[in-house]
Each structure stands twice: as C-alpha cells, then as structure tokens.
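Colleague: Just to be clear, the model below is a prediction. Sequence and coordinates:
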Amino acid sequence: MVRTAVAFSPGHISGYFRRVEGIGPEETGSVGAGVVISEGVRSTVEKARETSVQVVRQGHASTGSPPVEYALERLGVAACVTTECRLPIGAGFGLSAAALLATLTAANRLFDLDLSADEVAARAHEAEVLHRTGLGDVAASISGGVVCRKGAGIHADITRIYPEEPLYAVSLGALPTASVLSSSGTMARIAAAFPDRCPRDLADFCWLSRGFAEKSRLVAPGVRRVLEACDAERVPASMTMLGNGVFATGGAAEEVLSRFGEVYTLHVARRGAYLIEVKP
Ligand SMILES: Nc1ncnc2c1ncn2[C@@H]1O[C@H](COP(=O)(O)OP(=O)(O)O)[C@@H](O)[C@H]1O
Ligand SMILES: CC(C)(COP(=O)(O)O)[C@@H](O)C(=O)O
C-alpha cells in the first residue's frame with residue numbers, strides 16, 4: 001500500500017485588511033480582522049516522481065495549483081497531491097492558504113522533514129505572498145477564532161476570540177485576489193478605508209467590515225443587492241474579502257442569504273491546520 005499523509009486546514013474569511021509591505025515575503029502581509037472557519041481544505045499527499053495537484057470540489061476535479069507546486073518545490077520534494085473542499089475557490093474563503101497549510105503539514109510528516117509548525121506556516125505564507133493569492137490568511141489559519149492581526153506575517157501580534165454563534169455565507173462567484181492586490185489605485189482606497197480597531201464580537205466584526213467594504217468601494221452590484229436585503233432585515237453583514245460574496249450573522253441571516261444562493265453555515269474554528277493521519 002502506498003504511504004499517504006492527510007491534513008486539514010481551516011479557511012478564513014477576511015472582513016477588512018490593509019497591505020503591509022516588508023523587505024521580503026516574511027515581513028510582507030496584512031493587518032486586519034477575519035474569521036477562521038470550520039470549513040477548509042483537506043489535502044492527501046503521496047510521494048511521486050513529479051509533483052501534480054488535483055483540486056476536487058463537488059465531485060469535479062481540476063489540475064494544478066501554482067502556490068502549492070511552488071511550496072513543494074521549495075521543500076525539495078515531489079508529491080501527488082489531492083485537495084478537497086466544499087466551499088468555492090477564489091471566493092474569499094482563504095482556500096489558497098488552507099490548501100498550502102494542509103499540503104505542507106501532510107508533506108512535512110510524509111517526507112520526515114521535521115519542520116516545526118512555525119516553519120510550515122512560514123513556507124505557506126511565503127508561497128501565498130509571492131503568488132498574490134493572499135496576505136493574512138496563513139497567519140490567521142494557523143490557529144482558530146475571530147482574528148485581529150496587528151502586524152504582518154506569522155509572528156505578528158494576533159488576538160483571537162471564540163464566539164459560539166454561527167456565521168452564514170453566500171457566494172456569487174470568484175474575484176481573483178491577485179487582480180485586486182495588483183491594482184495600486186484599489187490598494188490606496190483599501191488603505192484609506194481601514195478601521196483601526198479590533199472587533200468585539202461577530203456582529204461588531206460585520207459592522208467594522210461593512211464600513212471598510214463601503215469606503216474602499218469594493219462592493220460590486222451583485223454583492224450590493226445582498227447587502228441591501230440584509231439591511232432591510234437588520235442583519236449584520238458584509239462582503240467576503242476578496243470574493244464576490246457576503247457573510248452575515250444573527251437570527252434572520254440564513255433566510256435572507258438563502259434568497260441569493262446556497263447558504264454555508266460556518267462555525268468559528270477552534271483550532272488551526274492539523275495532521276489527520278498517515279497511512280499505512
Ligand atoms: N482548494 C485548493 N487547492 C489547491 N489550490 C488552491 C485551492 N484553493 C485555491 N487554490 C490556489 O489559489 C488560487 C486562488 O487564489 P485566491 O483567489 O486567493 O482564492 P481564495 O480566495 O479561495 O484563497 C487558485 O488558482 C489555486 O492556484
Ligand atoms: C483579503 C486577502 C488579501 C485575500 O483573501 P482571499 O481572497 O480569501 O485569499 C487576505 O489574505 C487578507 O490579507 O486579509
């Protein structure tokens with residue numbers, strides 16, 4: 001039987017962020033707040049002659065993941081990787097970071113690399129920043145909670161709170177993170193819109209995020225319609241950064257979001273990426 005290692009990493013919904021430019025990828029990232037969520041990416045890793053990545057979602061498979069392939073190459077290993085997720089890709093659920101953290105956590109054990117959890121995270125963060133697929137998601141998803149990141153990178157000062165109530169989300173489609181991060185005009189508006197305090201609870205997180213979404217002018221017409229429906233029912237809601245989607249909390253949230261698509265019921269994750277098993 002072929003030896004395989006399996007790991008999981010939670011995803012992360014960013015509510016507001018500001019890019020922080022460092023000298024290298026280690027100090028580059030973002031400050032901001034988000035929620036590490038119970039849904040994420042499960043990655044199965046097998047040794048191989050050449051690296052290949054299969055991305056499986058809802059029974060459909062696609063091939064290739066530049067950040068994951070890059071990170072494995074940097075580790076000097078070749079592997080056959082299968083990632084699986086339920087949430088849509090490129091829709092602001094931090095799945096690129098989750099795919100990296102899950103794959104590197106599994107590869108670390110499979111290839112007996114003896115990297116610490118910090119070293120695994122550092123390599124995932126480097127791949128994210130270099131591929132412009134994220135800035136603060138890896139730092140968030142190494143542990144759980146509603147996260148407030150006060151500095152860039154995985155060693156930054158990060159506070160976490162653990163509310164019990166669920167967060168609901170709906171996706172209207174993808175918004176490639178790299179396209180937004182590459183626009184200097186958009187990045188300047190984002191910096192000016194940044195709310196300089198941490199959220200107290202989930203409703204406060206939605207409220208701060210909404211102010212940021214409006215001031216940064218990132219809200220597209222489809223997202224605007226969902227937010228207006230939430231406002232009409234007094235449901236705290238904002239836009240998934242960076243995706244064409246909305247997250248919301250509170251009693252009526254699930255019903256309002258269900259008018260626009262499949263609703264994902266998400267819980268605040270209690271922990272970050274972890275190894276599930278090594279077989280045989
Ligand atoms: N589940 C996954 N498995 C492997 N690679 C992934 C996965 N999700 C995202 N990626 C990689 O990240 C890229 C998308 O990045 P991004 O737009 O930041 O997505 P997200 O918002 O889901 O993090 C994809 O083109 C792919 O290369
Ligand atoms: C908002 C984003 C820059 C991208 O998030 P995603 O699209 O989920 O990869 C995130 O990494 C952050 O720094 O807050």
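Modeller: In hand now; what should we look at? Ligands and ions are numbered 1, 2, ... in the order given.
Colleague: Report the central residue of this protein.
Modeller: Nearest to the mean C-alpha position of the chain, counting by Cα atoms, centre = their mean, stands G94 at 1.6 Å.
Colleague: contacting residues for that residue?
Modeller: G11, H12, I13, S14, G34, G134, D137, A140, S141 (Cβ atoms under 8 Å, 6 or more residues apart in numbering). C-beta coordinates here come from the backbone N, C-alpha and C atoms, glycine included.
Colleague: What's the separation between it and ligand 2?
Modeller: 4 Å (Cβ to the nearest ligand atom, to the nearest Å).
Colleague: Enumerate the positions of stretch 218-237 that are buried.
Modeller: L218, V219, V223, V226, L227, A229, C230, V235, P236, A237 (16 or more other Cβ atoms under 10 Å).
Colleague: ok, the last one to D196 distance?
Modeller: Which is A237. 22 Å (Cβ to Cβ, to the nearest Å).
Colleague: ditto for S171
Modeller: 29 Å.
Colleague: ok so, going back, taking the contacts of G94, tell me the two that lie furthest apart.
Modeller: Maximum pairwise distance among those (Cβ to Cβ): 11.9 Å, between I13 and G134.
Colleague: Write out the residues of the chain neighbouring ligand 1.
Modeller: 41, 53, 55, 65-68, 83, 85, 89-96, 99, 133-134, 176-177, 243 (Cβ under 6 Å from any ligand atom).
Colleague: Three-state assignment for H125, please.
Modeller: Put simply, H125 is helix when judged by DSSP: H, G, I helix; E, B strand; the rest coil.
Colleague: Could you list the buried residues of the lowest-mean-pLDDT helix or strand in the chain?
Modeller: The weakest-scoring helix or strand in the chain, judged by mean pLDDT, DSSP states H and E, is helix 177-181 (a mean of 87). Across helix 177-181, burial judged by 16+ other Cβ under 10 Å covers T177, V180, L181.
Colleague: which residues does the second one contact?
Modeller: Under the criterion of Cβ under 8 Å, 6+ apart, the contact list for V180 reads T186, M187, L218, L242.
Colleague: Could you pick out which of the residues you listed are located in helices?
Modeller: T186, M187 (DSSP state H).
Colleague: filter the contacts of V180 by proximity to ligand 2?
Modeller: L242.
Colleague: picking up where we left off before, farthest-separated two in the buried residues of stretch 218-237?
Modeller: L218 and V235 (19.5 Å).
Colleague: Dihedrals phi and psi, E39?
Modeller: Backbone dihedrals for E39, given as degrees, to the nearest 10, come out at phi -90, psi 150.
Colleague: Apologies, that question was intended for V35.
Modeller: Taking degrees, to the nearest 10 as the convention, V35 sits at phi -120, psi 120.
Colleague: If you tally nearby residues, what's the number for the nearest residue to T51 once chain neighbours are set aside?
Modeller: Nearest residue to T51, sequence neighbours excluded (Cβ to Cβ, 6 or more residues apart in numbering): A78, at 4.8 Å. Residues near A78, counting by other Cβ atoms under 10 Å, number 15.
Colleague: Then F247?
Modeller: 32.
Colleague: Can you tell me the SS state at it?
Modeller: strand.
Colleague: Skip the chain neighbours and tell me the closest residue to it.
Modeller: Distances taken as Cβ to Cβ, 6+ apart put A169 closest to F247, at 4.5 Å, once the chain neighbours are dropped.
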